[in-house]
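A.B. asks: coords please:
(one chain, ligands or ions: 1)
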Amino acid sequence: GPCQLSGTVHDCSCEYAAVERVNKEAVLPLLRDLVRTPFFRYFKVNLYCDCPFWPDDGMCMLRDCGVCECEPDEVPAPWKVADTAANCEGTGSPSRLEAESEVDRSVDASTKVHLVNIHGWRGYNNPWMLEEETDSEYSYINLLANPERYTGYKGEHAHRVWNLIYSQSCFTDITQPDVCTERKVFYRLISGMHSSISAHIAKEYLLDEAQDVWGPNLPLFRDRLGNTAVRERVENLYFAYLFVLRATLKAGPLLEEIAYDTGFPEEDARTAELVRQLVSSEAVKKACPVPFEEGRLWKGEDGPQLKRQLQAHFHNITRAMDCVGCEKCKLWGKLQLLGIATSLKVLFAAEDCGLGSGQPQQLQLERNEVIAMLNLLERLSASIEAVRELSLQLADGNWEQ
Ligand code: FAD
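C.D. replies: Numbering: from 1, shown residues only. Okay, here's the model as predicted:
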């Protein structure tokens with residue numbers, strides 16, 4: 001296993017080796033196909049900058065001018081004018097970060113389709129998710145055209161966001177022995193997502209800027225994920241993967257019923273079939289019958305209060321995404337947090353909604369939640385495979401020159 005991980009994933013009943021194998025052979029191939037389907041490749045997101053934690057230092061302006069580079073016909077006429085006026089005023093010279101590196105960290109504007117005031121939008125109805133204002137402006141982003149990989153976003157700006165996340169009071173004493181399971185679970189989800197981002201950077205790094213050559217960066221992998229001192233980060237990646245996998249399987253009956261309608265019946269039928277294969281996979285059940293046992297959580301006396309606290313921290317972390325000064329990073333950061341929030345909703349919200357009414361309510365998911373959860377699962381799945389591959393290459397020792 002990677003970094004000599006052995007035994008069972010902490011808090012899960014699955015062996016590392018079994019997870020690694022079933023992921024490579026059964027889960028990842030299905031998810032790779034799934035995220036390429038028309039239904040799963042468009043994510044609705046608000047990429048505007050309104051960082052509530054520190055003043056805008058110009059970092060956010062870059063992507064707004066990306067919007068302006070759209071072909072005029074692409075953006076619906078009524079609000080194209082408003083867009084242009086609101087977003088590109090006063091963004092004079094490119095910011096320092098733009099000048100430092102040539103890597104394109106803005107999302108591919110040619111695939112953007114704007115959408116304002118989605119008709120009938122009633123929010124996510126998810127206690128883990130911040131409800132955005134109804135008049136927020138969203139774009140649909142083609143995820144395939146904007147892969148998660150190295151962007152050159154690093155240093156002080158990136159650290160400021162990670163610091164903000166890890167300085168949430170629920171995390172500051174996380175290494176203490178008496179920290180409750182719920183907080184640990186929450187920390188491991190965020191840390192696992194962070195590991196996953198690092199894995200994708202290491203797997204798809206810009207090796208030669210002049211020639212536009214992309215490939216693995218083994219020294220970077222070794223430093224961030226491939227040494228025993230940071231083994232916990234890889235463990236957290238496995239944990240996050242199993243957590244989201246459990247949520248996906250639990251939502252299986254609902255996911256099998258959804259109308260995957262994008263107007264292309266043949267492709268939509270294939271989407272439904274891939275989902276069915278994933279949620280009913282015998283290989284997964286055999287390798288890992290119960291990826292995570294959610295029933296153990298929130299059982300203490302302070303359960304409901306603890307949950308409200310962690311939800312407030314999750315909202316803060318979600319807000320921190322508006323401070324990410326790299327459009328692509330923000331896109332994937334927002335997608336993955338919505339994926340985590342959706343997993344939390346699937347595993348815990350039925351009981352939340354049932355509180356007081358005496359009857360658990362039926363789980364309902366928004367289209368965007370389904371898209372986020374399964375794309376997150378694909379990202380985590382691809383990261384587990386990337387860690388496996390890069391660990392082998394690292395162990396080979398032939399890479400050092
Ligand atoms: P960082 O990854 O910045 O980590 C900062 C500190 O956090 C570390 O020093 C360590 O103490 C701690 N830490 C690191 N990993 C973990 C972990 N798994 N669990 C717990 N603690 C940890 N860059 C890209 O190139 N492409 C992207 O798509 C991208 N997406 C991003 C999305 C978000 C939301 C953010 C905030 C940043 C993103 N970045 C992306 C930047 C990237 O995550 C790093 O910040 C950057 O590559 C610099 O890395 P670093 O080695 O300095 O450590």
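A.B. asks: tell me which residues in stretch 243-260 are buried?
C.D. replies: Phe243, Val244, Leu245, Arg246, Ala247, Thr248, Leu249, Lys250, Ala251, Gly252, Leu255, Tyr260 (16 or more other CB atoms under 10 Å). In this view, the C-beta of every residue, glycine as well, is placed from N, C-alpha and C.
A.B. asks: the first one contacts Pro291, correct?
C.D. replies: Yes. Taking contacts as CB atoms under 8 Å, Phe243 lies within contact range of Pro291: 7.2 Å.
A.B. asks: work out the gap between stretch 313-323 and the centre of the chain.
C.D. replies: Centroid separation for stretch 313-323 versus its chain: 13 Å, with CA atoms, centre = their mean, to the nearest Å.
A.B. asks: hey, C-alpha coordinates of that stretch in PDB?
C.D. replies: In PDB, the C-alpha atoms belonging to stretch 313-323 read as follows (Å, rounded to 0.1, in the frame of the first residue of the first chain):
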ATOM      1  CA  HIS A 313     -17.500  26.000  11.000                       C
ATOM      2  CA  PHE A 314     -18.400  24.400   7.700                       C
ATOM      3  CA  HIS A 315     -20.200  27.600   6.600                       C
ATOM      4  CA  ASN A 316     -17.000  29.600   7.400                       C
ATOM      5  CA  ILE A 317     -14.900  27.200   5.400                       C
ATOM      6  CA  THR A 318     -17.400  27.500   2.500                       C
ATOM      7  CA  ARG A 319     -17.100  31.300   2.700                       C
ATOM      8  CA  ALA A 320     -13.300  31.000   2.600                       C
ATOM      9  CA  MET A 321     -13.600  29.700  -0.900                       C
ATOM     10  CA  ASP A 322     -14.600  33.200  -2.000                       C
ATOM     11  CA  CYS A 323     -11.100  34.300  -0.900                       C
END
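A.B. asks: sorry, back to before: nearest to the ligand, of the buried residues of stretch 243-260?
C.D. replies: Set against the ligand, the nearest of the buried residues of stretch 243-260 by CB to the nearest ligand atom is Phe243 (14.8 Å).
A.B. asks: what's the pLDDT at the closest one?
C.D. replies: Looking at Phe243, its pLDDT reads 97.
A.B. asks: then Lys286?
C.D. replies: 94.
A.B. asks: please apply the same query to Leu206.
C.D. replies: Note on Leu206: pLDDT of 91.
A.B. asks: how about Gln364?
C.D. replies: pLDDT, read off for Gln364, is 87.
A.B. asks: how many residues are close by it?
C.D. replies: 13 (other CB atoms under 10 Å).
A.B. asks: in the protein, which strand is the longest?
C.D. replies: Using DSSP state E, we find that the single longest strand of the chain is strand 137-142.
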